[in-house]
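Provide a 3D model corresponding to the input given below.
(4 chains)
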Protein chains: 2
Amino acid sequence: MTGFLGSYLHQLDEKGRLALPASFRRSAGDAGFVLIHAYEPALYLYPLRTWAAVEERLAEFMRRQPEARGTVLSLTAAAAEVIPDKQGRILIPERLQRVASLDTEALIVGALEKIEIWNPELFKSATGEAKPEHERILRQILV
Amino acid sequence: MTGFLGSYLHQLDEKGRLALPASFRRSAGDAGFVLIHAYEPALYLYPLRTWAAVEERLAEFMRRQPEARGTVLSLTAAAAEVIPDKQGRILIPERLQRVASLDTEALIVGALEKIEIWNPELFKSATGEAKPEHERILRQILV
DNA sequence: ACACTTCCCCCCACTTTTCCCCACTCCGCC
DNA sequence: GGCGGAGTGGGGAAAAGTGGGGGGAAGTGT
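From the prediction side, this is the model:
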């Protein structure tokens, strides 16, 4: 089973509902997701299956560096567990819509173990720059 | 089992469908493929079997160099998992047709672990130029 | 405890896209 | 010359995305 791939431009309706691509729904099984906001103007969506590992890393990190508690707390405070309705849509809390600058359209991007949700314009400007040293490594990776 | 070899000129129909050569289909088993766009004006097609290794290397790359996230994200965003229909054709998303300048004809090129899909003219100009260099490199490889 | 409000989720309906299936052609091979 | 595998093209059924209305649960205040 491969990770999440591809990008999809979907509508965010007035109720704050966002339809996940059917292929993403299938590869997540139909358990729920965890929606968080971290350092970028985007939201991250983890299927519960992979979220467990993230949670473990968070706990481990706090044990090693207690001064990081505040950082982790602000992450968990802004997080939400979301479950798709029968039409495959998740409800994005109003506060998370605001921090991600989501309006009527959202770009749903597959990022291997997680899904990212972006404002389409912000995504374009965030991924615009091509870094030569990264490209060199990519050539090695892609055989 | 050998890698993918040979090149085939096939039609890209109005619906964006491209028939894979029957021999490629056979050597991939009939699981799906992953289609990506990287630094060249061409598309790369990986059978799922070999894609898993690529994905693992990508994850490793991000662990070592977190600042490469953007590069990997634009790669996965432009990727798609494709499954041949019963006639052995894959659907190439409109966005990927554009970045690879694919019109009505596509050149399907075997490239060992993966398959490359080119605009025929672009392929000629990309591979036609560096003849002397080719010879020098090949002498080293083929003893 | 009860009425009231609010919000969420289910259901229904519609549009668009996708993909499955059938039919046809071309070519090489028996 | 027919047969079979391969590539090509298009119609129709099924699925996916979108939008809105109503019922019921949860929370609030009286």
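
how far away is A:S7 from DNA strand D?
12 Å (C-beta to the nearest atom of the strand, to the nearest Å). To be clear about C-beta, it is placed using only N, CA and C from the backbone, and glycine gets the same treatment.

Please list the residues of chain A that sit near DNA strand D.
Residues of chain A found near DNA strand D (C-beta under 7 Å from any atom of the strand) are A:8-11, A:13-14, A:19-22, A:25-26, A:87-89.

Next to chain B, which bits of chain A? Give me the list.
By C-beta under 8 Å from any C-beta of the partner chain, the residues of chain A that approach chain B are A:2-7, A:23, A:109-113, A:116, A:123, A:126-127, A:129-131, A:134-135, A:137-139, A:141-143.

Please indicate which of these are buried?
Neighbour counting by 16 or more other C-beta atoms under 10 Å in any protein chain shown classes A:2-7, A:109-113, A:116, A:123, A:126-127, A:134, A:137-138, A:141-142 among those as buried.

Which ones among those residues map onto helices?
Here DSSP state H is the test, and those give A:F123, A:A126, A:H134, A:I137, A:L138, A:I141 as lying in helices.

Next, count neighbours for the residue nearest to A:P21 when sequence neighbours are not counted.
For A:P21, ignoring the flanking residues on the chain, the nearest one in space by C-beta to C-beta, 6 or more residues apart in numbering or on different chains is A:Y8 at 4.7 Å. Residues lying near A:Y8 (other C-beta atoms under 10 Å in any protein chain shown) number 17.

Surely A:Y8 is in contact with A:L107?
Yes. Under the criterion of C-beta atoms under 8 Å, A:Y8 makes contact with A:L107 at 7.3 Å.

ok so, going back, got a winner among the residues of chain A next to DNA strand D for most neighbours?
Neighbour counts for the residues of chain A next to DNA strand D (other C-beta under 10 Å) peak at A:L20, which has 22 neighbours.

So that one is in contact with A:I90, correct?
Yes. Between A:L20 and A:I90 there is a contact at 6.4 Å, judged by C-beta under 8 Å.

Which residue is the nearest non-sequential neighbour of A:E113?
A:T50 (4.9 Å).

is it true that the one you found lies in a helix?
Yes. Per DSSP: H, G, I helix; E, B strand; the rest coil, A:T50 lies within a helix segment.

The spatially most central residue of chain A pairs with what?
Centroid-nearest residue in chain A: A:Y44, 1.8 Å away (criterion: C-alpha atoms, centre = their mean). In this entry, A:Y44 is beta-bridged to A:I36, A:E116, by DSSP bridges.

so it sits right up against A:T50, yeah?
No. Applying C-beta under 8 Å, one finds A:Y44 not in contact with A:T50, separated by 10.7 Å.

shared neighbours of the two, anything?
Here A:Y44 and A:T50 share the contacting residues A:K114, scored by C-beta atoms under 8 Å, 6 or more residues apart in numbering or on different chains.

mind listing what A:P41 touches?
Neighbour list for A:P41: A:V99, A:A100, A:S101, A:W118, A:N119, A:L122, A:A126 [criterion: C-beta under 8 Å, 6+ apart].
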